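Just to be clear, the model below is a prediction. Sequence and coordinates:
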Amino acid sequence: MAIIKTGILGRLTGSLGTVSGRIVKGVNVLSARSGHQAVTTNEKTIARRQQFRGSVKFSSAAHKFKDLRAVWRSKTPDGISSFNFMVRSNYKMCSSYAPTNLNTLTPLFGFPITAASIELTSDSFKVDINPFPGAADFDLTKETTAKLFLIMFLSKPVSAQGADFEYFSVEFTPQSLQLTDPVSFTRTITGQEKLLYDTYTDHMAFIALVTLDNDGNVIHYSNTINNS
């Protein structure tokens, strides 16, 4: 930085090229302007940005549901939002912008579930969950229903004009909580949902289940399973 009273630039105020000037107590003060930082474009940086983008998209598709938000909020450390915690938890699981079979709709340590069948068509989604007795300390006097969530990652568009990927978020109608019998969830797909499904050839589904009390409050949550 230079301080001048007179000189070739005169009394400069504002900016000129890489130099900026201002008047301080009648004295013209010149300083160099910091240049713009070059955008890093090495492969590792690009990969990290794509992973972060992928985690944000995946988390946004799940975080739209209040019950899943409640689950993450109950496990989120102090100082960050539940959405940021979900993004952090899923960041390293993503492969570039795409999720992998490690991505999760729920925090760690959900009770284990498995699916007897997962049937996905452009007309309907049907998921049969196997019985899960002893999977958690369930209280059937309070936990009366189970609700299923399905987040679908759509990729490989049929048209070159289509986006590289999209997400499809589905909340199923709650069913009576059964621990010793299978629980079936079915959802009809129509209109814009059907059109979106048919726009892509690859459909990867992530599924999680929560149990609810009579007031609709989440009591327990499952792990995440997928159809890959």
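Received it, and whenever you're ready, just let me know what you need.

residues making contact with stretch 169-180?
Defining contact as C-beta atoms under 8 Å, 6 or more residues apart in numbering, one finds that stretch 169-180 is touched by 61-62, 64-65, 125, 127, 131-133, 135, 138, 140, 143-152, 183-187, 211-212. In short, each C-beta sits where N, CA and C put it, glycine included.

Narrow those to those in helices?
Using DSSP state H, the members of the contacts of stretch 169-180 that fall in helices are Ala61, Ala62.

ok now stretch 201-212, how far from the chain's centre?
13 Å (C-alpha atoms, centre = their mean, to the nearest Å).

Which positions within it qualify as buried?
Neighbour counts over stretch 201-212 (16 or more other C-beta atoms under 10 Å) mark His203, Met204, Ala205, Phe206, Ile207, Ala208, Leu209, Val210, Thr211, Leu212 as buried.

Which residue ranges of the chain form helices?
Under DSSP H, the chain gives helices at 43-63, 66-75, 82-91, 191-198.

what's the most buried one of these?
Scoring those by mean neighbour count under mean count of other C-beta atoms under 10 Å gives helix 82-91 as the most buried, with a mean of 19.

what's the distance between that helix and the middle of its chain?
The answer for helix 82-91 is 7 Å, by C-alpha atoms, centre = their mean.

per-residue confidence at the residue lying closest to Ser159 once chain neighbours are set aside?
Nearest residue to Ser159 in three dimensions, chain neighbours excluded: Thr199, at 7.3 Å (C-beta to C-beta, 6 or more residues apart in numbering). Predicted confidence (pLDDT) for Thr199: 95.

since we're on Thr199, how many residues are nearby?
16 (other C-beta atoms under 10 Å).

What residues does it make contact with?
Here Thr199 is in contact with Leu154, Pro157, Val158, Ser159, Gly162, Glu166 (C-beta under 8 Å, 6+ apart).

What is the lowest-pLDDT residue among those residues?
Per-residue pLDDT puts Gly162 lowest of the contacts of Thr199, at 85.

OK, contacts around that residue?
Thr199, Tyr200.

and it, backbone torsions?
Backbone torsions for Gly162, taken as degrees, to the nearest 10, come to phi -80, psi 150.

Going forward, the N-terminal residue is numbered 30.
Renumbered: residue one is now 30, and that last one reads Gly191.

From Glu222, how far off is it?
16 Å (C-beta to C-beta, to the nearest Å).

hang on, the earlier thing: any idea which of the buried residues of stretch 230-241 is the one closest to Ile109?
Proximity to Ile109 was ranked across the buried residues of stretch 230-241 by C-beta to C-beta; first place goes to Ala237, at 21.2 Å.

Bridged to the closest one, which residues?
Beta-bridge pairing for Ala237 (DSSP bridges): Phe178.

from memory it sits against Pro141, does it?
No. With contact defined as C-beta atoms under 8 Å, Ala237 does not reach Pro141; the gap is 11.3 Å.

shared neighbours of the two, which are they?
With C-beta under 8 Å, 6+ apart as the test, Ala237 and Pro141 both reach Ser251, Asn252.

For Pro106, give me its contacts.
Pro106 neighbours (C-beta under 8 Å, 6+ apart): Phe114.

could you check the distance from it over to Thr74?
In terms of C-beta to C-beta, Pro106 sits 27 Å off from Thr74.

Repeat that for Thr174.
46 Å.

One more: Leu241?
43 Å.

what does Gly191 give?
Taken as C-beta to C-beta, the span from Gly191 to Thr74 is 27 Å.

Same question for Phe94.
33 Å.
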